[in-house]
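**Q** have a look at this prediction, sequence included:
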Protein chains: 2
Amino acid sequence: MPVTARGEATRRRILDAAEEVFGAKGYHAASVTEITQRAQVAQGTFYLYFHSKREIFLQLVEDLGEQLRAAMRRGSQGSGGRMAVERDGFAAFFEFARGHPQLYRIVQESDRVDLPTFQEYYIRIARGYARGLRAAMEAGEIRRMDPEALAYALIGIGHFLALRWLIWPQGDSSPAMQPAGQNGSNAAQDGSKASGQEPQLPEYVFATLLDLITRGMAP
Amino acid sequence: MPVTARGEATRRRILDAAEEVFGAKGYHAASVTEITQRAQVAQGTFYLYFHSKREIFLQLVEDLGEQLRAAMRRGSQGSGGRMAVERDGFAAFFEFARGHPQLYRIVQESDRVDLPTFQEYYIRIARGYARGLRAAMEAGEIRRMDPEALAYALIGIGHFLALRWLIWPQGDSSPAMQPAGQNGSNAAQDGSKASGQEPQLPEYVFATLLDLITRGMAP
């Protein structure tokens, strides 16, 4: 594999194009040709980096996981105390999900293409997460619970809040899609892109999340 | 559509067969012929109930959602107080996930086949959930938060705990799959089916879940 900075930039361009193509079409309908066209590289160049459609798809899932973990680390670096790490880490996660609206579809599809790749995506997030939680428990910053179970619970919270308020509003809209809550005052900030802007996680949703986990994890 | 009890039993048999076939092969690779063979009905009988592979797939997702909501309602019926409803509802959800190891794959795949069907699956769960939470808030049983955000957070917790401890252990095992926690004492009860039994959610995982949400939602 090319190892120069220019080589790495080309690999990056191919992976970004793959994210768009796999995201829009799905694994089965996507083709290497579409990816190379979107990346504006020759087919021969593609095969300097990847052996097959399957290989680039699985490397894309791994790459998205690395990007996400790096974004969350950056976001919470220097945050003082575990709950500040949670707040800033969640904020970084939501920002990442906004910027990668096809993230879930791509990752979920890897469940069928190669189960270990799908599992690794979450296992790596959970492993680092559990490590941080365990350290915070030992420091007395949060209550003692099972760190791995707590990590998956927190991953689940972030996943479904982003799905509802960041991923769905960017997808095909549907008249069948009705918010579950009937809270009229929230209707104007429910993350829909009726205004043509990228959806934001509404403040009341973020506040509910922080309230739930701050009390839920308090020493 | 046939409406007699016998007709309903046949429809049920076809849907159960579809769950197995779509679960094992995925939407694209599955065929109506395989479904009818597994259900032991004639092709002509299939078309008394469903127009196409796509239609039965989407009805299956809807049916699984109905079954799940009914199981959770049954499980928490008569439970005294909101936290008892949560405990019994989660227990019923985990039991359902154990009995439907392909549930997630089928539901996730509907995201690409027909987004509104995928959304409706969760929106209906969240709508009923938020209604119950709102009533518990008004009764002073739990703290006031946004009911819909709380509903999606709780759905997310259940989803990822079941994924890690009930769904994955029933799928292809992989040497790459390592628990994120390094808590040796939990290793024997991590839900793996090394013993050949159906995985159970470990007690310490359920305890962590209840601890997190009980304190997280306390008035």
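**A** It's in. Numbers count the residues shown, from 1 in each chain, chains lettered A, B, ... in the order given.
**Q** please, which helix or strand holds the residue most central in space within chain A?
**A** Residue closest to the average C-alpha location in chain A (Cα atoms, centre = their mean): A:A97, at 4.9 Å. Using DSSP states H and E, A:A97 sits within helix A:82-99.
**Q** quick one: average pLDDT of that helix?
**A** Averaging pLDDT along helix A:82-99 gives 97.
**Q** that helix: how far from the chain's middle?
**A** 10 Å (Cα atoms, centre = their mean, to the nearest Å).
**Q** what do you get for stretch A:67-74?
**A** Using Cα atoms, centre = their mean, the offset of stretch A:67-74 from its chain centre is 10 Å.
**Q** also stretch A:202-219?
**A** 20 Å.
**Q** list of residues touching it?
**A** Residues outside stretch A:202-219 that contact it (Cβ atoms under 8 Å, 6 or more residues apart in numbering or on different chains): A:82-83, A:86-87, A:90-91, A:94, A:140-143, A:145, A:150, A:154, A:157-158, A:161, A:165, A:186, A:189-191, B:143, B:145-146, B:149-150, B:153, B:211-213, B:215-218. All C-beta spots, glycine's among them, are computed from the backbone N, C-alpha and C.
**Q** residues making contact with the next helix or strand after the helix holding A:A97?
**A** Next helix or strand after helix A:82-99 toward the C-terminus (DSSP H and E): helix A:103-113. Helix A:103-113 has contacts (Cβ under 8 Å, 6+ apart) with A:19, A:22-23, A:26-27, A:54, A:57-58, A:60-61, A:64-65, A:68, A:96-97, A:117-118, A:121, A:159, A:163, A:167, B:26, B:104-105, B:108-109, B:111-112.
**Q** where does chain A have low pLDDT?
**A** Within chain A, the stretches with pLDDT under 70 are A:1-2, A:172-197.
**Q** walk me through the domains of it.
**A** Here the domain parsing of chain A from automatic domain parsing is A:1-50, A:53-217.
**Q** deepest of these, which one?
**A** domain A:53-217 (a mean of 19; mean count of other Cβ atoms under 10 Å in any protein chain shown).
**Q** centre of the chain to that domain, how far?
**A** 6 Å.
**Q** A:L209 sits in which helix or strand?
**A** In this assignment (DSSP H and E), A:L209 forms part of helix A:203-217.
**Q** picking that back up, so which of the domains of chain A gets nearest B:I35?
**A** Smallest distance to B:I35 across the domains of chain A (Cβ to Cβ): 18.2 Å, for domain A:53-217.
**Q** now do the helices in chain A.
**A** A:5-25, A:32-39, A:43-49, A:53-76, A:82-99, A:103-113, A:115-138, A:147-162, A:203-217 (DSSP state H).
**Q** kindly format the C-alpha coordinates of the third one as PDB.
**A** Looking back up the chat, that one is helix A:43-49. C-alpha atoms of helix A:43-49 as PDB (Å, rounded to 0.1, in the frame of the first residue of the first chain):
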ATOM      1  CA  GLN A  43      -9.700   1.800 -11.300                       C
ATOM      2  CA  GLY A  44      -6.000   0.800 -11.300                       C
ATOM      3  CA  THR A  45      -5.300   3.300  -8.500                       C
ATOM      4  CA  PHE A  46      -8.200   1.800  -6.400                       C
ATOM      5  CA  TYR A  47      -6.500  -1.600  -6.600                       C
ATOM      6  CA  LEU A  48      -3.300  -0.300  -5.200                       C
ATOM      7  CA  TYR A  49      -5.200   0.200  -1.900                       C
END
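**Q** contacting residues around the residue nearest to the centre of chain A?
**A** Contacts of A:A97 (Cβ under 8 Å, 6+ apart): A:103-104, A:162, A:166-167.
**Q** ok, it to chain B distance?
**A** A:A97 sits at a distance of 13 Å from chain B (criterion: Cβ to the nearest Cβ, to the nearest Å).
**Q** from B:T214, how far out is that residue?
**A** Per Cβ to Cβ, to the nearest Å, A:A97 is found 28 Å from B:T214.
**Q** ok, now A:G128?
**A** Going from A:G128 to B:T214 by Cβ to Cβ gives 27 Å.
**Q** hmm, back to that, just want the angle from the helix holding A:A97 to helix A:103-113.
**A** For helix A:82-99 against helix A:103-113, the angle by axes from the mean of the first three to the mean of the last three Cα atoms, to 10 degrees is 80 degrees.
**Q** now the angle from helix A:82-99 to helix A:53-76?
**A** Using the same axes, to 10 degrees: helix A:82-99 against helix A:53-76 is 140 degrees.
**Q** could you dump the domains of chain A to a markdown table with distance to B:F206?
**A** Supplementary listing: the domains of chain A in a markdown table, determined by distance: least, Cβ to Cβ, whole Å:
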| stretch | distance to B:F206 |
| --- | --- |
| domain A:1-50 | 35 |
| domain A:53-217 | 9 |
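**Q** how about those, which one is nearest B:I14?
**A** Using Cβ to Cβ, the domains of chain A put domain A:53-217 closest to B:I14, at 22.9 Å.
**Q** what about that closest one, start to end distance?
**A** 43 Å (Cα to Cα, to the nearest Å).
**Q** again with stretch A:75-82
**A** 13 Å.
**Q** now look at that stretch and say if it contacts chain B.
**A** No. For stretch A:75-82, no contact with chain B is found by Cβ under 8 Å from any Cβ of the partner chain; the gap never falls below 14.2 Å.
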